[in-house]
Structures are given as structure tokens and as C-alpha cells.
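Peer 1: Make a model of this:
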Amino acid sequence: MAERFERHRQPWRPDEIQKLHTLAKKGMALKAIAKALTRSEESVKARAKEDGLAIAKLH
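Peer 2: I've put the predicted structure just below:
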């Protein structure tokens, strides 16, 4: 069963967006960024796409 996230469908806060941008620019993997932000990989991927960020495809 998939991991449950308590933050499901919660809006992104400005500090979270800033952290996403920082981690993505450092070349962190999607899974690591999702864990750091306590959000699902799908949520992180969608937000990154929305902001035009590239996320490393590492595991």
C-alpha cells in the first residue's frame, strides 16, 4: 500500500516552494525532495513542473 501523507491536497506555502527550488537546484532526487518536504512525489513533480524546475531522475 502506498505511503499516506497527512498533507494531502494542502496548498504549498512560500517557504516550501523556496525549499523545493533550493533542493532541485542542488540536484537532489525526486524521492529525497518529497521526503524532505513531507509531500508525495507526484505533488513535488507537479509543483516543479508548474514552476519550470528540472528534478534529477535519480533513485
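Peer 1: Run through who's touching the one helix or strand I33 maps to.
Peer 2: Taking DSSP states H and E as the definition, I33 sits inside helix 30-37. The contact list for helix 30-37, computed with C-beta atoms under 8 Å, 6 or more residues apart in numbering, reads 16, 19-20, 23-24, 28, 40-41, 43-45, 55-59. For every residue, glycine as well, the C-beta is placed using N, CA and C.
Peer 1: What about those, which one has the most neighbours?
Peer 2: Counting neighbours by other C-beta atoms under 10 Å, V44 comes out on top of the contacts of helix 30-37 with 25 neighbours.
Peer 1: Not counting residues beside it along the chain, what's closest to it?
Peer 2: Excluding its sequence neighbours, the residue lying closest to V44 (C-beta to C-beta, 6 or more residues apart in numbering) is A34, at 4.7 Å.
Peer 1: Count the residues that sit near the closest residue in space to E41 that isn't next to it in sequence.
Peer 2: Closest residue to E41 apart from its sequence neighbours, by C-beta to C-beta, 6+ apart: A34 at 4.5 Å. A34: 22 surrounding residues under other C-beta under 10 Å.
Peer 1: so how far is S43 from A34?
Peer 2: Distance of A34 to S43, given as C-beta to C-beta, to the nearest Å: 7 Å.
Peer 1: which residues in the protein form helices?
Peer 2: 14-25, 30-37, 41-50 (DSSP state H).
Peer 1: Rebuild these as JSON lines, extending it with mean pLDDT.
Peer 2: Shown next, in JSON lines, are the helices of the chain (pLDDT from 0 to 100):
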{"stretch": "helix 14-25", "mean pLDDT": "95"}
{"stretch": "helix 30-37", "mean pLDDT": "94"}
{"stretch": "helix 41-50", "mean pLDDT": "93"}
